[in-house]
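Asks: dropping a prediction and its sequence here:
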Amino acid sequence: MTLDRRRFLGISAASIAGSLLAACDKNPEGAKPLLQLAERANEQVEGGLFRHSAMNHVGAKARLAGPSFPKYFISPTVPVWDPAAGGVWRLEVSGAVRRPLSLTLDDLMKLPRVTQKVDHFCVEGWNARAIWSGVRVSDIARAAGITDDAQYVDFAGFDKGYHESWDMQSAMHPQTLVAYGMDGYLLTPAHGAPARVHSPVKLGYKNTKYLTRVVFMPGRNGGYWSDQGYEWYGGT
């Protein structure tokens, strides 16, 4: 019997969680170091399973989610960039880089374009498919001239300050994009316009929408859901 990666990680997480429940119930504060240790161990397992060359392949005839593709945001209403309040939308690329960038949507669309039909995996267990168009994060990193101490990347947006940080290897995966198009059209506000992160190598909550900042960093800094107990690595 074979065991795929997602199933294996689910079983591993369940086993760890089960072994910690008693400790958490008896002494929640005292269990924190144990929980942190378990999380680090889980990340090492996931990192060890991750392969930069592994690609998400979706058949040419596979059905797209289309209008059924789930919509998600933190704000009370759909976030919409307001040029009157914020000026022209720009993607700021900063941190451990030699050449900080400030890219308008037109600038972004002039960079090498990638279009890919891939899966979108949710932590709740479902997946959906779409065709995404955008720029590889690795190409943006190259244009900005990341330095040797860039080991993590933080992706932040204007949806109430939503952000999530990633490990560099996952961010540099060839299917990790700053996407501005979906199913042949520019992104709509419901799906993260003007631009968002999308990659099949991370669970949906790691794929920041309404993107405004990409910050390369020597250390990681958590994220909206990661800071609330969701797994930081969030790999698929």
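Replies: Good, I have the coordinates.
Asks: in this structure, which spans are helices?
Replies: Ranges of helices within the chain are 5-26, 28-49, 83-86, 105-110, 137-144, 168-171, based on DSSP state H.
Asks: so where's the chain shaky on pLDDT?
Replies: 1-52 (pLDDT under 70).
Asks: how is it carved up into domains?
Replies: Per automatic domain parsing, the structural domains of the chain span 5-49, 66-228.
Asks: most tightly packed of these?
Replies: domain 66-228 (a mean of 18; mean count of other C-beta atoms under 10 Å). C-beta coordinates here come from the backbone N, C-alpha and C atoms, glycine included.
Asks: beta partners for residue 101?
Replies: residue 93 (DSSP bridges).
Asks: that one against residue 108, yeah?
Replies: No: checked against C-beta atoms under 8 Å, the pair residue 101 and residue 108 is beyond contact range at 9.6 Å.
Asks: who touches both of these two?
Replies: Residues touching both residue 101 and residue 108 by C-beta atoms under 8 Å, 6 or more residues apart in numbering: residue 91.
Asks: how much space between residue 75 and residue 213?
Replies: 17 Å (C-beta to C-beta, to the nearest Å).
Asks: same question, residue 142
Replies: For residue 142, the distance to residue 213 - C-beta to C-beta - is 18 Å.
Asks: repeat for residue 222
Replies: Look at residue 222 and residue 213: by C-beta to C-beta, they are 15 Å apart.
Asks: equivalent analysis for residue 143, please.
Replies: 16 Å.
Asks: likewise for residue 179?
Replies: Distance from residue 179 to residue 213, by C-beta to C-beta: 16 Å.
Asks: endpoint to endpoint, stretch 195-214 covers what distance?
Replies: By C-alpha to C-alpha, to the nearest Å, the extent of stretch 195-214 from end to end equals 12 Å.
Asks: just use 4 as the starting number from now, easier for me
Replies: In the new numbering, first residue 4, that becomes stretch 198-217.
Asks: off-centre distance for that stretch?
Replies: Taking C-alpha atoms, centre = their mean, to the nearest Å, one finds the center of stretch 198-217 at 4 Å from the center of the full chain.
Asks: next: stretch 108-124.
Replies: For stretch 108-124, the separation from the chain centroid amounts to 14 Å (computed by C-alpha atoms, centre = their mean).
Asks: same check, this time on stretch 172-191
Replies: So, by C-alpha atoms, centre = their mean, the centroid of stretch 172-191 is 10 Å from its chain's centroid.
Asks: now swap in stretch 197-208 and tell me
Replies: Using C-alpha atoms, centre = their mean, the mean C-alpha position of stretch 197-208 is found 4 Å from that of the whole chain.
Asks: repeat that for stretch 204-220.
Replies: In terms of C-alpha atoms, centre = their mean, the centre of stretch 204-220 is found 4 Å from the chain centre.
Asks: leaving out chain neighbours, which residue sits closest to residue 171?
Replies: What sits nearest to residue 171 in space, not counting adjacent residues and going by C-beta to C-beta, 6 or more residues apart in numbering, is residue 154, at 5.4 Å.
Asks: do the same with residue 224
Replies: residue 168 (5.2 Å).
Asks: next: residue 68.
Replies: Closest to residue 68 by C-beta to C-beta, 6+ apart is residue 131, at 3.9 Å.
Asks: same check, this time on residue 81
Replies: The shortest distance from residue 81 to any non-neighbouring residue, by C-beta to C-beta, 6+ apart, is to residue 192 (4.9 Å).
Asks: right, and that neighbour touches residue 82 too?
Replies: Yes: using C-beta under 8 Å, residue 192 is in contact with residue 82, at 6.6 Å.
Asks: nothing else from me, thank you.
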